[in-house]
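1. Task: produce atomic coordinates for the following.
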Amino acid sequence: MSESAASGVRGMSVASAFAGMRSVTPVVFRAGCPDCRGRFELTASALRLAIGATSRTTFYSFTCPECGASVRKPAGERIVELLTGGGVSTLRLHSTA
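-> Modelled structure (predicted):
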């Protein structure tokens, strides 16, 4: 990157950077309830992700909007990547040290 291009970026305000944006579409995730067999979409705020020490202790959970059941499902690497990228709150159940 040239010196002039870099200096132009430093002078940009947050307001000018986002001036053309009207709104942001919230991320939604498709889910299903094993109890009532309902199929629905949930926002990131309706989901919780727990990352454990192993794949057996890594899961996501939510409350079924149709029957009220507490649902807990295993989360592999790809699911963890999608949920964290979509803004789902994450709880680490083990230390990373």
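2. going forward, measure contacts and count neighbours with C-alpha atoms only.
-> Will do.
3. those helices in this structure, which residues are they?
-> 3-10, 14-17, 77-85 (DSSP state H).
4. Please spell out which residues along the shortest one are buried.
-> When burial is assessed from 16 or more other CA atoms under 10 Å, helix 14-17 yields no buried residues.
5. which other helices and strands contact that helix?
-> On a contact count with 3 or more CA pairs under 8 Å, 6 or more residues apart in numbering; DSSP states H and E, helix 14-17 meets no helix or strand.
6. Counting neighbours, what do you get for the spatially closest residue to S55 that is not a sequence neighbour?
-> The spatially closest residue to S55, leaving aside those adjacent along the chain, is G76, at 6.5 Å (CA to CA, 6 or more residues apart in numbering). Using other CA atoms under 10 Å, G76 has 15 other residues around it.
7. residues touching G76, list them.
-> S55, T58, F59 (CA atoms under 8 Å, 6 or more residues apart in numbering).
8. in this structure, what spans have low per-residue confidence?
-> 1-12, 18, 21-24, 95-97 (pLDDT under 70).
9. mind listing the strands for the protein?
-> Assigned by DSSP state E, the chain shows strands spanning 28-32, 39-43, 48-51, 59-63, 70-74, 89-92.
10. Pull up the pairing partners for the fourth one, direction included.
-> It stands for strand 59-63. strand 48-51 (antiparallel), strand 70-74 (antiparallel) (DSSP bridges).
11. Switch the ones you listed over to a markdown table; also include distance to R92 and mean neighbour count.
-> Shown next, in a markdown table, are these (distance: least, CA to CA, whole Å; neighbours: other CA atoms under 10 Å):
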| stretch | distance to R92 | mean neighbour count |
| --- | --- | --- |
| strand 48-51 | 5 | 20 |
| strand 70-74 | 15 | 14 |
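12. For those, give me a markdown table that also has distance to L42.
-> As requested, those are exported to a markdown table (distance: least, CA to CA, whole Å):
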| stretch | distance to L42 |
| --- | --- |
| strand 48-51 | 11 |
| strand 70-74 | 13 |
